[in-house]
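# would you be able to build a 3D model of this:
(one chain, ligands or ions: 2)
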Amino acid sequence: MELKVRFSGGVVVEYGDQGVVLDPTRSNHSYPAFVTHAHADHAYAFKNPERTKYATHETLRLLGAMGWRHLENLEPVKAGGKVSFGDMEIRVHNSGHVLGSVMYEVQTPGGSVLYTGDLCTESTYTMDPAPPVECDILVVETTFGAPMFSFPKREEVAVEIYNWAVNTVLGGVIPVFKTDSIGNAQEIISILNQYTNLPAVTAKSATPVTEVYRELGYGLDSVDARSAEGQDLLESGKCAIVAPKGSKLAAGNTEEALASGWAILMGKKRAAFPLSDHADYRGLMGYVRRCKPKRVLTFHGGSMTKDFYKHVRSSLGIPAAPLTSRVETIAGPQMSNESRIKACSSQIVRTVKIPGFVYQPSWLIREMGRQGFTPGETENSIEYLMERGVLRGAENGVCLG
Ligand SMILES: [Zn+2]
Ligand SMILES: [Zn+2]
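Ligands and ions are numbered 1, 2, ... in the order given. All right, here's what the predicted structure looks like:
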């Protein structure tokens, strides 16, 4: 039995007749579904109330705060815990990304797979970093997996954030941080709380999400824009607004700034802060190295980061490829029967060099076995080569045609 990984409406990990699907993106899987965190592109499994979902309690609470309904059938997991199905054990680790975000390590007798979901490899103002987990196959996200994505030190970004906020208020304008409601919003509130006396006013979904963080133990100080206190603060102009990226605000005299890893791509013309809850290129490369995988499969990147796997190969010397629908094993992509026969056949042709010499099938089976081919594959390949006139039958064996 072999450990297999592929992308098929989610990251599918199989061993024998056991399987799991990680962050599924469609609902017709028969395998148990595991969700890494509450961002919508990972939490699709929660669209189906009937389905059993393995996820953290925090993820469920955050989805509720984002307005997701019918969040039934949760099997709660938590970092440090594990779940077993037959020969498969799924171990849960913190991914450092947002509240309740986890990675899944699938352990089998045939080896292990670590699926990172979204990860952050350094301490942030709200999260501990993702720990490296030694594994055979690492399926790693590559949102910022290109050398151009090099984030400045977090402390430096924090200084820029609160300086801009304070100076904007001093200029008589309310600063607005446009950012992801889950993760970055709470980190900005934490930075403002820690370094300024400026009250943070949350708008739209940033309010209920921050409320969940608070209820689950985060000492974040913020006020909802629609509350009486929030209205007073907006009128006074002495506050900073934290709002979701796409939202429209009714508040009057404001100036907006983006807070996101993507800010690295923006010029200096507008205020933008490269505050990210993802690892940057160096963080990802360091993380891959420390997990000591035998094979790396990349996913969740865009056109700018499609070459991350090439960097893994050239800089770390680890075999790597993008995760696709192709079946992957620790040793490499699993070939179809037909391509196995072709590969075995060309190996035989490279081995059978002496014209007229009779090669015994048992010897060829042994030689091809060393190259990873089964006796059946070698027999079929001999057949294939004889059909094509490359080999011909001789007494006690075959020789070059
Ligand atoms: Zn995410
Ligand atoms: Zn993501």
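# ok, for whichever residue of the stretch 51-200 of the chain sits closest to ligand 1, nearest residue in space, not its chain neighbours?
Closest to ligand 1 within the stretch 51-200 of the chain is Asp118: 3.6 Å, counting by C-beta to the ion. Glycine gets a C-beta too; all of them are placed from N, C-alpha and C. Ranked by C-beta to C-beta, 6 or more residues apart in numbering and with sequence neighbours excluded, the top spatial neighbour of Asp118 is His97, at 4.4 Å.
# neighbours of the one you found, how many?
Counted with other C-beta atoms under 10 Å, residues neighbouring His97 total 30.
# hang on, isn't it packed against Leu119?
Yes. His97 lies in contact with Leu119 (C-beta atoms under 8 Å); the separation is 5.7 Å.
# shared neighbours of those two, anything?
Contact criterion C-beta atoms under 8 Å, 6 or more residues apart in numbering; residues shared by His97 and Leu119: Ala130, His278.
# what about Val169, how many residues nearby?
For Val169, using other C-beta under 10 Å, the count is 18.
# same question for Ser325.
Quick note: Ser325 (other C-beta under 10 Å) scores 9 neighbours.
# likewise for the one 5 residues further on?
A total of 19 residues lie near Ile330 under the criterion other C-beta under 10 Å.
# any idea how far it lies from Val21?
Using C-beta to C-beta, to the nearest Å, we find Ile330 at a distance of 20 Å from Val21.
# and this structure, which residues reach ligand 1?
Contacts of the chain with ligand 1, taken as C-beta under 5 Å from the ion, map to His39, Asp118.
# can you map out the helices along the chain?
Counting by DSSP state H, the chain has helices at residues 57-65, 154-170, 184-195, 206-215, 228-236, 281-291, 308-311, 337-351, 361-370, 375-387.
# hey, which of these is tucked in deepest?
Of those, the one with the most neighbours on average (mean count of other C-beta atoms under 10 Å) is helix 184-195, at a mean of 24.
# could I have that helix exported to PDB, CA atoms only?
Provided in PDB are the C-alpha atoms of helix 184-195 (Å, rounded to 0.1, in the frame of the first residue of the first chain):
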ATOM      1  CA  ASN A 184      -5.300  41.300  10.200                       C
ATOM      2  CA  ALA A 185      -8.100  43.400  11.700                       C
ATOM      3  CA  GLN A 186      -7.400  42.000  15.200                       C
ATOM      4  CA  GLU A 187      -3.700  42.500  14.800                       C
ATOM      5  CA  ILE A 188      -4.100  46.100  13.900                       C
ATOM      6  CA  ILE A 189      -6.400  46.600  16.900                       C
ATOM      7  CA  SER A 190      -3.700  44.900  19.000                       C
ATOM      8  CA  ILE A 191      -1.000  47.300  17.600                       C
ATOM      9  CA  LEU A 192      -3.200  50.400  18.200                       C
ATOM     10  CA  ASN A 193      -4.000  49.200  21.800                       C
ATOM     11  CA  GLN A 194      -0.400  48.500  22.600                       C
ATOM     12  CA  TYR A 195       1.200  51.600  21.200                       C
END
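# start at 407 instead
Noted, 407 is the first residue going forward, which turns the last one into helix 590-601.
# that one - contacts with which helices or strands?
When contacts are defined as 3 or more C-beta pairs under 8 Å, 6 or more residues apart in numbering; DSSP states H and E, helix 590-601 sits against helix 560-576, strand 580-585, strand 606-608, helix 612-621, strand 646-650.
# and that helix, average pLDDT?
Averaged across helix 590-601, pLDDT comes to 98.
# residues in contact with stretch 646-663?
Contacts of stretch 646-663 (C-beta under 8 Å, 6+ apart): 570-571, 574-575, 578-587, 591, 594-595, 598, 604-612, 616, 628, 631, 640, 643, 664, 666, 676-679.
# and stretch 704-720, what's buried?
For stretch 704-720, a neighbour-count test (16 or more other C-beta atoms under 10 Å) marks Thr704, Phe705, His706, Gly707, Thr711, Asp713, Phe714, Tyr715, His717, Val718 as buried.
# what do you get for stretch 494-511?
If you call a residue buried by 16+ other C-beta under 10 Å, then stretch 494-511 has these buried ones: 494, 496-511.
# rewinding a little: doesn't Gly667 make contact with the residue of the stretch 457-606 of the chain closest to ligand 1?
No. Using C-beta under 8 Å, Asp524 makes no contact with Gly667, being 10.9 Å away.
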